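Asker: After the sequence you'll find the predicted model.
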Amino acid sequence: MNPLIRLIPAPLVRFFAKPYVAGDSLAKAMAVVDKLWRDRGLRATLDLLAEDIREPGQAQANVDTYLQMVAAVAASDLPADARPTLSLKPSSYTTSPLHEDGDGAGSFEAIERIVQAAKAKGVQVSIDMEGRHWTDFTLDALERLAAAGHDHVGAVLQTRLHRTAADLERLPAGMRVRLVIGIYQEPADIALTDKPAMKERMLEYAEKLLRAGHYVEFATHDPAYVRRFVDEVVPRADVGPDRFEVQMLYGVPRERLLRDLVDRGFRARLYVPFAVGWDMAIEYLRRRLDEYPAMVWLVTKNMFLRR
């Protein structure tokens with residue numbers, strides 16, 4: 001991460017990132033999800049910003065919130081196909097995170113509990129892919145859950161990692177797969193450092209996944225690569241619009257592109273994070289500022305435009 005991002009005070013990080021977070025409660029997040037569908041025909045995936053867990057009570061609170069999210073989605077009056085999915089991070093449920101040389105104790109059990117509740121309510125779940133220390137854990141968890149019959153669980157793969165080409169082969173048959181370049185900075189022997197190369201891999205891997213029978217969630221804000229995916233990769237793979245979707249982050253200004261996708265009959269979904277404790281969301285927000293520094297300029301410009 002850029003050292004300057006670390007120096008930004010937490011309140012200022014929250015201020016600049018606020019347009020990219022759907023509020024500080026589940027109710028506010030669900031209201032955003034409802035509005036996205038009714039006003040713009042956009043689907044959503046909900047994510048609780050809950051990282052840097054230090055106390056067991058925090059981990060349990062995160063599980064409880066996700067169970068509330070499952071119930072809220074199941075009770076939504078949106079059409080079944082338009083109800084949000086849930087995205088979760090394994091590090092949210094353990095005080096012994098793998099990226100700090102811990103053992104991830106409790107994380108799989110928490111994920112399994114959420115996944116079981118989601119299956120009972122007909123709610124789709126995706127397990128986010130975090131930094132390289134979590135990759136094997138996450139893939140192992142996906143395999144265990146698939147073997148137990150949880151076909152409503154989706155994966156996330158980062159194209160920057162060199163190992164991802166082989167990891168494609170580990171995925172259970174027919175799984176939903178979100179392809180991202182990833183926001184975790186990794187050493188050059190582990191991952192690409194050139195973003196265009198990461199995006200080229202997205203196209204390559206998306207075609208492989210489609211041909212292998214997976215449902216692809218193509219997640220990027222780059223209009224050129226989105227168009228190459230829907231105009232080149234999808235026709236080559238000879239699949240219909242029921243086999244893929246395009247995903248972007250809530251708040252990133254891509255209205256014209258999103259409208260075009262919806263008008264063409266394609267599914268578009270926004271990753272909608274919310275917080276119940278802003279202190280636990282700061283690390284995520286710092287990474288977003290590091291990945292997308294223009295966020296600061298956009299927020300500042302919008303402030304002056306409203307005056």
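Answerer: Looks like it came in fine.
Asker: CA only for contacts and neighbour counts going forward, please
Answerer: Fine.
Asker: ok, and the helix or strand in this structure with the lowest average confidence?
Answerer: Ranking every helix and strand in the chain by mean pLDDT, DSSP states H and E puts helix 294-305 at the bottom, with a mean of 54.
Asker: Before we go further, residue 45 is sitting in a strand, right?
Answerer: Yes. Residue 45: assigned to a strand according to DSSP: H, G, I helix; E, B strand; the rest coil.
Asker: Could you give the bridge partners of it?
Answerer: residue 85, residue 271 (DSSP bridges).
Asker: can you pull out the helices in the stretch 151-300 of the chain?
Answerer: Counting by DSSP state H, counting those that start in this stretch, the stretch 151-300 of the chain has helices at residues 164-167, 195-211, 223-228, 234-237, 255-263, 278-291, 294-305.
Asker: Out of those helices, the one nearest residue 75 is which?
Answerer: helix 255-263 (25.1 Å; Cα to Cα).
Asker: taking the mean pLDDT, what do you get for that closest one?
Answerer: On average, the pLDDT along helix 255-263 is 97.
Asker: Tell me which residues touch residue 87, please.
Answerer: 45-48, 125-128 (Cα atoms under 8 Å, 6 or more residues apart in numbering).
Asker: are any of those residues buried, and which?
Answerer: Burial by neighbour count, 16 or more other Cα atoms under 10 Å: within the contacts of residue 87 this picks out 45-48, 125-128.
Asker: from these, which is closest to residue 187?
Answerer: Distances from residue 187 to the buried ones among the contacts of residue 87, taken by Cα to Cα, are shortest for residue 128, at 20.3 Å.
Asker: need the longest helix for this structure.
Answerer: helix 56-75 (DSSP state H).
Asker: Format the CA atom coordinates belonging to that helix as CSV.
Answerer: What follows is helix 56-75, C-alpha atoms only, in CSV (Å, rounded to 0.1, in the frame of the first residue of the first chain):
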residue,chain,number,x,y,z
PRO,A,56,-14.0,-13.2,19.9
GLY,A,57,-17.1,-11.1,20.5
GLN,A,58,-16.4,-9.2,17.2
ALA,A,59,-16.2,-12.4,15.3
GLN,A,60,-19.5,-13.6,16.7
ALA,A,61,-21.1,-10.3,16.0
ASN,A,62,-20.1,-10.6,12.4
VAL,A,63,-21.7,-14.0,12.2
ASP,A,64,-24.8,-12.7,13.8
THR,A,65,-25.0,-9.8,11.3
TYR,A,66,-24.6,-12.2,8.4
LEU,A,67,-27.4,-14.3,9.7
GLN,A,68,-29.5,-11.1,9.9
MET,A,69,-28.5,-10.4,6.3
VAL,A,70,-29.7,-13.8,5.2
ALA,A,71,-33.0,-13.2,6.8
ALA,A,72,-33.3,-9.7,5.3
VAL,A,73,-32.6,-10.9,1.8
ALA,A,74,-35.0,-13.8,2.1
ALA,A,75,-37.8,-11.5,3.3
